[in-house]
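Novice: here is my input; please provide its structure:
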Amino acid sequence: MRDLSFVVEKESIDEDILVIAGDNLIEFSLKDFYNRFNELDKNLIAVYDIKDIDKVRKRHGVVVLDGNRVVDFQEKPEEPKSTMKSICCYLFKPGVRGLLKEYLEEGNSDATGFFIEWLCKKTDVYSYDVGREKVWDVGNLESLRKVRERFERG
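Specialist: From the prediction side, this is the model:
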């Protein structure tokens with residue numbers, strides 16, 4: 001989050017911001033994601049239901065929804081409140097610039113998930129369900145190997 005804040009401040013960015021983690025392989029439409037963001041005119045995060053509480057425990061950001069509105073976010077919780085997994089794919093409105101600065105000035109964690117957890121308490125954040133088969137975490141060699149095998153099989 002400090003890197004994002006640095007770029008936003010240095011370049012005086014005052015427009016929508018797209019954040020995507022480099023350890024995700026995505027197949028969902030970024031155009032559709034962006035169109036939904038524009039329809040809502042709210043901060044938007046990509047999510048999907050992993051349907052297994054043990055697979056989200058201590059490993060992923062967990063989202064609790066009321067319809068499509070994010071009402072709670074837990075970063076890698078020991079006791080997840082849902083099986084809805086957050087993907088580090090976010091679209092932020094320009095107003096997040098000031099909130100990001102506030103978040104960091106408070107001494108909060110640099111990790112993106114903790115920022116989303118904090119942001120949900122400050123402003124509206126909505127979800128965009130991308131479906132489970134459209135995202136692969138390739139953050140370690142084992143998961144990268146599995147994704148390669150999947151794509152080699154077609």
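Novice: only C-alpha atoms from now on, for both contacts and neighbour counts.
Specialist: Noted.
Novice: tally of neighbours for Lys10?
Specialist: Lys10: 9 surrounding residues under other Cα atoms under 10 Å.
Novice: Lys76 is in contact with Gly61, isn't it?
Specialist: Yes. Between Lys76 and Gly61 a contact is recorded at 5.2 Å, counting by Cα atoms under 8 Å.
Novice: the more surrounded of these two?
Specialist: Taking neighbours as other Cα under 10 Å, Lys76 and Gly61 compare with Gly61 leading, 25 against 17.
Novice: can you pull the contacts of the more buried one?
Specialist: Phe73, Gln74, Glu75, Lys76, Pro77, Lys85, Ser86, Ile87, Gly113 (Cα atoms under 8 Å, 6 or more residues apart in numbering).
Novice: likewise for Ser86?
Specialist: Contacts of Ser86 by Cα under 8 Å, 6+ apart are Ile45, Ala46, Val47, Tyr48, His60, Gly61, Val62, Val63.
Novice: excluding chain neighbours, what is closest to it?
Specialist: Val47 (4.5 Å; Cα to Cα, 6 or more residues apart in numbering).
Novice: list the buried residues for the helix or strand that Gly98 is a member of?
Specialist: Assigned by DSSP states H and E, Gly98 falls within helix 96-105. For helix 96-105, burial by neighbour count (16 or more other Cα atoms under 10 Å) applies to Val96, Arg97, Leu99, Leu100, Lys101, Tyr103.
Novice: using PDB, write down the CA coordinates of it.
Specialist: What follows is helix 96-105, C-alpha atoms only, in PDB (Å, rounded to 0.1, in the frame of the first residue of the first chain):
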ATOM      1  CA  VAL A  96      -9.500   6.700  -1.900                       C
ATOM      2  CA  ARG A  97      -6.300   8.700  -2.300                       C
ATOM      3  CA  GLY A  98      -7.000  10.600   0.900                       C
ATOM      4  CA  LEU A  99      -8.200   7.500   2.700                       C
ATOM      5  CA  LEU A 100      -5.000   5.700   1.700                       C
ATOM      6  CA  LYS A 101      -2.900   8.500   3.100                       C
ATOM      7  CA  GLU A 102      -4.900   8.400   6.300                       C
ATOM      8  CA  TYR A 103      -4.600   4.700   6.600                       C
ATOM      9  CA  LEU A 104      -0.800   4.800   6.300                       C
ATOM     10  CA  GLU A 105      -0.400   7.800   8.600                       C
END
